[in-house]
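Novice: Predicted model and sequence follow; I will ask about them next.
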Amino acid sequence: MEYPKALFSFRTTEVEISSGSKTGNKAPNGTKVSKRRKRKGEPTICGAAVVLSSLLKHRKVSAIVSDSNQVYCEVSHSEGVNAYYYDGTSKLYKRIAHDKPFDSLTPIVLVALNYHETDMFDETRSSFAELADEYSGAKDVRIGTLGYFCDCFYFDSKDYFPDIIVEDELTDPILEQIKQSVRTKNMRLADSACPVNKVFTYIDGSDLDAGKGRAPRPGSTKFYTQCLDEEYVLGYEWTESQQSRIPAIDFLTETFVPNREHEKLTTVAFKRLSTVADRLIDGLNGRKAIGANYLNAILVGKPGTGKTTTVEAMAAALGLPLYTIPLSKFSEEDVFQGMTKVAEGGFRFFETPFLDCFTNGGIAVLEEFNLADPAVMQGAIGQAIVPPFLLLKDGFQEIYRHPLCLVIMTMNTATQGSRVPNEAFTSRAPLVIVMDDPPEDQFIDILKKKGNTAKSSKQIYSAYIKIMKHIKEKAPGCEDLLLSLSLRHCIEALELIRMGFDMKEAIQDTLIGALALKDLDLSRSVYTSVIEPLPDAA
């Protein structure tokens, strides 16, 4: 192919990280452009934007690079893995399972994002950081931001790359050369600022060294490895009772499948609480120790997307006591302020989990906080989670937030019985992270960690995706039913299969059954159209 002509190929492809945008489209008037652009005009959405979809949205790119701009990368798709090796000069080798538009540009984009010798790609990296920051926690980005990145990437790179010769096959000898380059440290894991995975199919992952003298654990990133090595554990002496609430670090390997949301939450919390811990060591306490370094956050998404599990993994990584507070429409102020109950022939005051956490530190998880009365939430803890950090214990005694107390709230979207959260209250938790279904590889890894085979996990995942696709395409107006389907139903289906039940019957009694709770006729139609034609499990 000729580069950069391929960059602006007329082959139209939708860019998933920016709704309504396709390659070849112009960005809106007034979009910021590269400093290297000589003529006026709006940027064009180019093939590099499709690469960003793989990096930011699907997180399905694995990569290693060298100082001489060699890049080996793998891009995972449901049809298989596409592998590419750019030799740093003029040749691009490939081994593809399925032809995907612009996949072959992946190593070229990675060169730009990992190039540090000069300021040649400074605009590309800067615009990428801006775009990644905007995408963080959102479903898409503004087309203008995407167009700005494409413009910077094009003008940064158009005079750098020669015409690239594409070889048809990434041969075993070349793969062996790449392995040797990794062993001798001539190639390394891609820059941590570039959101790539560290799992490889065509290169044995055990050969990859992140620079610490050891191979990363399977499926790990540098951050995840640091968590397992307890590098994010806060140095604080907890009471014996609180220590019993800290999830074991083994939770991260035995139960949890790493996700981006865990990395965000843990990183933000560690940076803020490390500052607070230093102030405590210096003798400050209370509000002076907290300063502006407190954390209130909201995790929102459909049921079964791993919100609670992610917070538990965060507690394990940070070494923080975990307090889970389930809320409902019957929740009152005493859930937060403590309860006076009749016990042993008299009245007795009982501390609640929230009050214990608020007073002594840890992570307070307010489960499904949108089920509770918004007025109760605002009245009880509206002034407790932000300055002045004041809570009325037992309704009258003033107490203040522990400097190492985090408040994480979870909510399911559009579930029965939920209420619209109070804006005055939710503004006190400005970090709002949306958790959708995990990418395919993570989804399947979660299923496998429950003791299921890779084959059966893939079969159930495929059925799950086909059911959702069928509803979207064949039952317009019924998209809200998709909220009825979750990862939990897939786990339960696999549990039935392990007990000896037929795969289709297992799906009937889980995924299809969940639809039947909302629309019996549609559930029957979905089973007939989607599940019956499936081949029987081997």
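Specialist: Sure thing, it's come through. Residues are numbered from 1 along each chain as shown.

Novice: Low-confidence stretches in the stretch 301-450 of the chain?
Specialist: Where the stretch 301-450 of the chain drops to pLDDT under 70, the residues are 342-344, 414-418.

Novice: now with 80?
Specialist: In the predicted model, the stretch 301-450 of the chain carries pLDDT under 80 at residues 340-348, 413-420.

Novice: quick one: C478 and I471 touch, right?
Specialist: Yes. The pair C478 / I471 is scored as a contact, 5.8 Å apart, by Cβ atoms under 8 Å. (Glycine included, C-beta is placed from N, CA and C.)

Novice: what about the strands in the stretch 101-250 of the chain?
Specialist: Remark: strands assigned in the stretch 101-250 of the chain by DSSP state E, counting those that start in this stretch are 165-167, 187-189.

Novice: more neighbours, C478 and I471?
Specialist: Higher neighbour count among C478 and I471: I471, with 23 against 14, using other Cβ atoms under 10 Å.

Novice: okay, the strand or helix carrying that one in PDB with CA atoms only?
Specialist: Following DSSP states H and E, one finds I471 within helix 454-474. Presented in PDB, the C-alpha positions along helix 454-474 are these (Å, rounded to 0.1, in the frame of the first residue of the first chain):
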ATOM      1  CA  ALA A 454     -13.100 -22.000  26.900                       C
ATOM      2  CA  LYS A 455     -15.300 -23.700  24.300                       C
ATOM      3  CA  SER A 456     -18.500 -23.600  26.400                       C
ATOM      4  CA  SER A 457     -17.800 -20.000  27.500                       C
ATOM      5  CA  LYS A 458     -17.400 -18.900  23.900                       C
ATOM      6  CA  GLN A 459     -20.700 -20.700  22.900                       C
ATOM      7  CA  ILE A 460     -22.700 -19.000  25.600                       C
ATOM      8  CA  TYR A 461     -21.200 -15.600  24.900                       C
ATOM      9  CA  SER A 462     -22.000 -16.100  21.200                       C
ATOM     10  CA  ALA A 463     -25.600 -16.900  22.100                       C
ATOM     11  CA  TYR A 464     -25.800 -13.900  24.400                       C
ATOM     12  CA  ILE A 465     -24.600 -11.600  21.600                       C
ATOM     13  CA  LYS A 466     -26.900 -13.100  19.000                       C
ATOM     14  CA  ILE A 467     -29.900 -12.700  21.200                       C
ATOM     15  CA  MET A 468     -29.100  -9.000  21.800                       C
ATOM     16  CA  LYS A 469     -28.400  -8.400  18.100                       C
ATOM     17  CA  HIS A 470     -31.700 -10.100  17.200                       C
ATOM     18  CA  ILE A 471     -33.700  -7.900  19.500                       C
ATOM     19  CA  LYS A 472     -32.100  -4.800  18.200                       C
ATOM     20  CA  GLU A 473     -32.700  -5.700  14.600                       C
ATOM     21  CA  LYS A 474     -36.000  -7.500  14.700                       C
END
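
Novice: Average pLDDT for the next helix or strand after it, rounded please.
Specialist: Toward the C-terminus, helix 454-474 is succeeded by helix 487-498 as the next helix or strand (DSSP H and E). Per-region confidence: helix 487-498 scores 95 on mean pLDDT.

Novice: what sits against V257?
Specialist: Applying Cβ atoms under 8 Å, 6 or more residues apart in numbering to V257 gives the contacts 219, 438, 442, 445-446, 449.

Novice: List only buried entries from those residues.
Specialist: Buried by 16 or more other Cβ atoms under 10 Å: 219, 438, 442, 445-446, out of those.

Novice: Secondary structure and distance to L146 added to the residues you listed, as JSON lines?
Specialist: Below are the buried ones among the contacts of V257 laid out as JSON lines (DSSP: H, G, I helix; E, B strand; the rest coil; distance: Cβ to Cβ, whole Å):
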{"residue": "G219", "secondary structure": "coil", "distance to L146": "29"}
{"residue": "P438", "secondary structure": "coil", "distance to L146": "23"}
{"residue": "Q442", "secondary structure": "helix", "distance to L146": "24"}
{"residue": "D445", "secondary structure": "helix", "distance to L146": "29"}
{"residue": "I446", "secondary structure": "helix", "distance to L146": "30"}
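
Novice: I'm done for today, thanks for sticking with me.
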